[in-house]
Structures are given as C-alpha cells and as structure tokens.
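*Asks:* give the three-dimensional model of this entry:
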Amino acid sequence: MITSIDPNAALFRRNAAAYEALLRELRERLAWAVGGGGEKLQARHVERGKIPVRERIDLLLDPGSPFLELSALAGYGLYGNEVPAAGVVTGIGRVAGVACMIIANDATVKGGSFFAETVRKHVRAQEIAWENRLPCLYLVDCGGAYLPEQDRVFPDFGHFGTTFYHQCRMSADGLPQLSAVFGGCTAGGAYIPALSDESVMVEGTGRIHLGGPPIVKAAIAEEVDGETLGGAAMHARVSGVTDYLATTETEALQRLRDIVANLNWPRDSHATRRPVRPPQHDPAELGGIVGTDLKQPYDVHEVIARLVDGSEWQEFKPEYGATLVCATAHLHGYPVGILANNGVLFSESSTKGAHFIELCNQRRIPLLFLQNITGFMVGVEAERGGIAKHSAKLVYAVATARVPRLTVLIGGSYGAGNYGMCGRGFAPRFLFSWPNARIATMSPQVAATVLTELRRGSLKGEADTAALAALDAETRRQFEEQSDPYYATARLWDDGVIEPAQTRDVLGLCLELIDASTPRYAGPSPVYRM
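*Replies:* Below is the predicted model:
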C-alpha cells in the first residue's frame, strides 16, 4: 500500500505528541501493577526466602521466550489502589517448548487473597487456556478468599468455586493442570494444588490445609503448628497430597519444567504459514495516525498497513459498504480476515461484513476485528432501508462464526456497534484495547443529550433550566469515567491495554496459539461465559 501519511505534517505531529502522553500514562500504571504490594512487602517477601512472583515466572519460562501478560491493570482504581494486578499474574509463555497458561498468586498483595477481580482474572485465564488448548501451571501462594468480599467472591457461578470447576473439567478434557506451592494454601486455596494432576511443594514455606491452626483450635480444640498440620514434608511423606518435595523455589520451578517437558504434548501447526515479513510502514506511526480525539477521522487502511505482513492485503468489495473495510492478509505469517471500521455501519457495510465472515468460515481463516465504531446508522432513511434487519445479519454472523475471533479496540466502541464488531459479550478468543479506546452504550455527548431531552418535557422555568444543566454535567462526568479504558480493564472487560506499536506482535502470539489449538476451527468452545 502507498501511504498518504506524512510524519512531518502538523496534524500528525500533534497526534503523536498527544498519544505519547497516553503511552507515558499507561507505562506509569503498568509500573504500579508490577510493583505488587510495594517495596516494604516485597522486601519482607524476599527476607522469607521467597522469590517475587514475576521472577518466578521468568525462571519458569524458556530463556528469551516472550510472555504475554493478561489484564495487568486489573483492579486499577479499586480498593484504594491497594490490590495491584488484582493480586495475581496471568499470562501465556513457553515452558520446555510448550505454550502454557501461567496463573501465579502475588503474596505481597493482601497475602495473595482473592478479591472479586482476582477471581474473574483467574477464571478468564482458564477460559483462554481451555479455548486454546493450553496446559495450566499454577504458582500458588494464596490466602484463599478475601473474607470482607465474600459475597462477591464465594456463592455465584464465576466466583471462586468456578476456578475449581474449570480445573476439574479441563483436566478431564485432557488439559494438564500442574501446580507448585510456595506459600500457605488455606481453605479454598488448598484445592488449587489438591485438584492438580501433579503438584510440587517447597519445604519450609509451602503449606496446604483446609483449616489453618486457628480454625482447628476453634473447631475441635486441637492446638497444632502450621508445619505439622500442612507442611510440605508431611504432605510428601505422610498424606501423599503432593507428588514432589523441593527444598528451594528454584528447584520447584525446575521440577515443574521437567513435568511439562514429559507431557508428550503435541506441537502441531495447521495453517499454511508464510514467511514473516515486517510491514512496509512503521507501526510506531500508529499513534500519530489515530490521535486521541475520537471525533477526528482517519483512514483505517493506514492502520492495517502497519499491522499486516508487507503492508499487503486483498480487500473484499472495496467499492461497496466502504464504512467497513474487509480484507484478507497475513500477520506474522498466519492468515487472517480483517473487519475494520471506517465510519458508522450502514445496511450495505453490515451485509458486506456478514458475507465476508462466511467466506472466512469456509476458508478456515481466523477473524480480526478492529473496533472504532459509533454504532449502526439511525434515522428515517436508515430504518426504511432495513438497518434493523441488516445489522442483525452482521450480529448473527459474528455470533455464529465457526473460526476463532480476535478483537482490538482502537477507538470508540459504542452501542450495538460493539456487538456487531465482536465485543466482549460475543466471546472473542482475545480482546485488547489501546489507551485511546472508549467503551459505553453511547458517547458522553450523546448520552447527555438523550437524558436532558427526555427530562426537558417535564420541566419548565429557570430552576428547571439549572436542573437540566446539572443533569447534563453529571451524565457527561459519569460516561467519561465509565468509558475510560482503565475503568474497563480494571474490571476485566478486556484482556489488557496494549500500546499500538505492540499490537502486531501481540496478535502474532495469539494467532500462533490459535493455529496450534484449533485444526478445524470448529466453532465455540464449551467454556461458559459470564
């Protein structure tokens, strides 16, 4: 593609500068997540002979291999920012050459206890592992459910019990469930290693007990110390609860690597993969193209040109339904069908998208949705043209697609457009957001207009004018706050906020997982979505 972007143009430079500010903000917030419980608690953790959670993951992974961390900013802005990364690190990496899902508790954050967002993050990691046929490795250092949050953690589907349900079902489905225990595992936390196919415990620090010493004393008046009750040596030599005893954390991690190496795990490739070629145009230019003002239009072809191999693709129906760009391309050598917004969705673009999805189903090509959408077209002409039915065709095609789907929010994601472009409710394999993204039923401006117009009919006089102004201001504030990407990612509405320049590599890792896990691309997995 011949680009029309001039990096020296005034608009591009303003956009790039504004976007760089967003990236600095993102990196600062990621530093908060990586910091865990803070320097004091991290130091105490190390003094106890324990390794920080991300260093454990580094030691577990194959040297030099990538780690795709998921939902790093879960919990941001919640609980007074005292639960960084929701107290658990999840992500995908290679162990002994096998792509694995890693779920690792951070004991420096509230003792590794489970908050509502911790549970959701854990469950989401299991969903991804199940869909993509990944063994699960649990690095357990867990205090169980955070009791003050018990009503949001314990009783419902999707709460703590669902993590065990998924663990059992995945094991029965042939997906290995392996754990290494580095700290105390009390109550519900004990079931993570107990339900694992194989487990390792670290002597001196690893403990498993359904009820700790205080509970035992209260329940049956028996006084016992933690090591006698549930220590690693006892469980390896007496109860048989664990399968391997390690004297150090590094030994436990090596034992886990050895177990994975002997899984006899298949490493198949099913797509016709082409040699990888970098884009002709620099992905670092993406911030200068999209900018931070969602009202400022840009040509999404320029975005695609900085994601796909060789900046080359074949566009489907380029002269019809132009507000939805549909194209087949290769990304890191893997085939992909792209649906990208270039404006509001009309009937023509909706039916074009549905047609394109069916072609990708037929050819077993995964789908990538690049969302920047205000919604479907409204108004008399649109309704007389059948927009309700034509938009439903696109929604139906997305919901019933027989190939894996990936979604990236590269701008606004509003209203039914979110559904038609495979938002979270339509269960894409992975969904990531850029730091300029916004997601809500509608934009703050539209929401304020709708609500004030509805109220206007019942109000009169100057006092009522003031009430309308107050309603307008409050609605804008609410929608600005709740459509913010950090508000969304804190609540696990996506799988992470990523930098535009990283998007190509992140999608490449996802496509590699998809290729190895779904030879037939045979529709949705059995994973239940909340």
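
*Asks:* when you work out contacts or count neighbours from here on, use the C-alpha atoms and nothing else.
*Replies:* Noted.

*Asks:* which residues sit in contact with the closest residue to Glu149 other than its chain neighbours?
*Replies:* Leaving out its chain neighbours, the residue that sits closest to Glu149 by C-alpha to C-alpha, 6 or more residues apart in numbering is Phe115, at 6.4 Å. Contacts for Phe115 (C-alpha atoms under 8 Å, 6 or more residues apart in numbering) come out as 86, 145-146, 149, 152-153.

*Asks:* got a quick PyMOL command for the buried subset of those residues?
*Replies:* Here is the PyMOL command that selects the buried residues among these (16 or more other C-alpha atoms under 10 Å):
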select buried, resi 86+145+146+152+153
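
*Asks:* what's the farthest-apart pair in the contacts of Phe115?
*Replies:* Ala86 and Arg152 (14.0 Å; C-alpha to C-alpha).

*Asks:* pLDDT on stretch 2-16, on average?
*Replies:* Averaging pLDDT along stretch 2-16 yields 95.

*Asks:* tally of neighbours for Leu195?
*Replies:* Residues lying near Leu195 (other C-alpha atoms under 10 Å) number 18.

*Asks:* tell me where the stretch 351-500 of the chain has strands.
*Replies:* Counting by DSSP state E, counting those that start in this stretch, the stretch 351-500 of the chain has strands at residues 367-373, 405-414, 430-433, 438-440.

*Asks:* just the pLDDT for the residue nearest to Glu149.
*Replies:* Looking at Phe115, its pLDDT reads 94.

*Asks:* how about the one 5 residues further on?
*Replies:* The score at Arg120 is 97. That number is its pLDDT.

*Asks:* likewise Gly49?
*Replies:* The model reports Gly49 with a pLDDT of 89.

*Asks:* could you list the low-pLDDT ranges of this structure?
*Replies:* 270, 457-463, 518-530 (pLDDT under 70).

*Asks:* between the contacts of Phe115, which sits nearest Glu285?
*Replies:* Ala86 (32.4 Å).

*Asks:* pretty sure the closest one sits against Ala74.
*Replies:* Yes: counting by C-alpha atoms under 8 Å, Ala86 does reach Ala74; the two are 5.3 Å apart.

*Asks:* mutual contacts of those two, please.
*Replies:* Counting by C-alpha under 8 Å, 6+ apart, the shared contacts of Ala86 and Ala74 are 117-118, 121.

*Asks:* including distance to Tyr298 and neighbour count, could those go into TSV?
*Replies:* Putting these into TSV (distance: C-alpha to C-alpha, whole Å; neighbours: other C-alpha atoms under 10 Å) gives the following:
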residue	distance to Tyr298	neighbour count
Glu117	35	23
Thr118	38	28
Lys121	34	28
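
*Asks:* which of the residues you listed lies closest to Leu41?
*Replies:* Nearest to Leu41 among these: Thr118, at 19.0 Å, using C-alpha to C-alpha.

*Asks:* need the contact list for the closest one.
*Replies:* So Thr118 contacts 74, 86-88 (C-alpha under 8 Å, 6+ apart).

*Asks:* a strand runs through Leu339, doesn't it?
*Replies:* Yes: the assignment for Leu339 by DSSP: H, G, I helix; E, B strand; the rest coil puts it in a strand.

*Asks:* that one: how many residues sit nearby?
*Replies:* Here the number of neighbours of Leu339 (other C-alpha under 10 Å) works out to 22.

*Asks:* what sits against it?
*Replies:* Listed by C-alpha under 8 Å, 6+ apart, the contact set of Leu339 reads 324-327, 353, 367-370, 421.

*Asks:* surely Ile103 forms part of a strand?
*Replies:* Yes: using three-state DSSP, the assignment for Ile103 is a strand.

*Asks:* how much space between it and Gln42?
*Replies:* In this view, Ile103 and Gln42 are 19 Å apart by C-alpha to C-alpha, to the nearest Å.

*Asks:* more neighbours: which of those two?
*Replies:* Neighbours per residue (other C-alpha under 10 Å) separate Ile103 from Gln42, with Ile103 holding more: 23 against 20.

*Asks:* mind checking how far the one helix or strand Arg24 maps to is from the chain centre?
*Replies:* Applying DSSP states H and E as the criterion places Arg24 in helix 10-34. With C-alpha atoms, centre = their mean, to the nearest Å as the basis, helix 10-34 stands 20 Å off its chain's centre.

*Asks:* give me the buried positions along that helix.
*Replies:* Buried, per 16+ other C-alpha under 10 Å, within helix 10-34: 12-20, 22-23, 26, 29-30, 32-34.

*Asks:* same question for stretch 161-173.
*Replies:* Neighbour-count burial for stretch 161-173, counted by 16+ other C-alpha under 10 Å, picks out 161-164, 166-168, 170-171.

*Asks:* okay if I get the residues you listed as a markdown table plus secondary structure and distance to Arg476?
*Replies:* Formatted as a markdown table, the buried residues of stretch 161-173 follow (DSSP: H, G, I helix; E, B strand; the rest coil; distance: C-alpha to C-alpha, whole Å):
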| residue | secondary structure | distance to Arg476 |
| --- | --- | --- |
| Gly161 | helix | 38 |
| Thr162 | helix | 37 |
| Thr163 | helix | 38 |
| Phe164 | helix | 41 |
| His166 | helix | 40 |
| Gln167 | helix | 43 |
| Cys168 | helix | 45 |
| Met170 | helix | 44 |
| Ser171 | helix | 47 |
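
*Asks:* which one of the contacts of Leu339 has the most neighbours?
*Replies:* Highest neighbour count within those: Gly353, with 30 neighbours (other C-alpha under 10 Å).

*Asks:* show me where the stretch 151-300 of the chain has strands.
*Replies:* Ranges of strands in the stretch 151-300 of the chain, per DSSP E, counting those that start in this stretch, are 177-181, 184-186, 198-202, 207-209, 244-246.

*Asks:* closest one to Asn81 among those strands?
*Replies:* Nearest of these (C-alpha to C-alpha): strand 184-186, 24.2 Å.

*Asks:* which elements pack onto that closest one?
*Replies:* strand 207-209 (3 or more C-alpha pairs under 8 Å, 6 or more residues apart in numbering; DSSP states H and E).

*Asks:* by contact count, what packs against the strand it packs on?
*Replies:* strand 184-186, helix 226-230.

*Asks:* looking at the ones you listed, which is closest to Ala388?
*Replies:* Nearest to Ala388, of all the helices and strands packed on strand 207-209, is strand 184-186, at 52.6 Å by C-alpha to C-alpha.

*Asks:* starting at the chain centroid, how far to the closest one?
*Replies:* 27 Å.

*Asks:* equivalent analysis for stretch 424-435, please.
*Replies:* The chain centre lies 7 Å from the centre of stretch 424-435; the measure is C-alpha atoms, centre = their mean.

*Asks:* so Thr108, which of the three states?
*Replies:* Per three-state DSSP, Thr108 ends up coil.

*Asks:* how many neighbouring residues does the residue nearest to it when sequence neighbours are not counted have?
*Replies:* Nearest residue to Thr108, sequence neighbours excluded (C-alpha to C-alpha, 6+ apart): Gly37, at 4.7 Å. Using other C-alpha under 10 Å, Gly37 has 24 neighbouring residues.

*Asks:* for Gly37, which three-state class applies?
*Replies:* Here Gly37 is recorded as coil under three-state DSSP.
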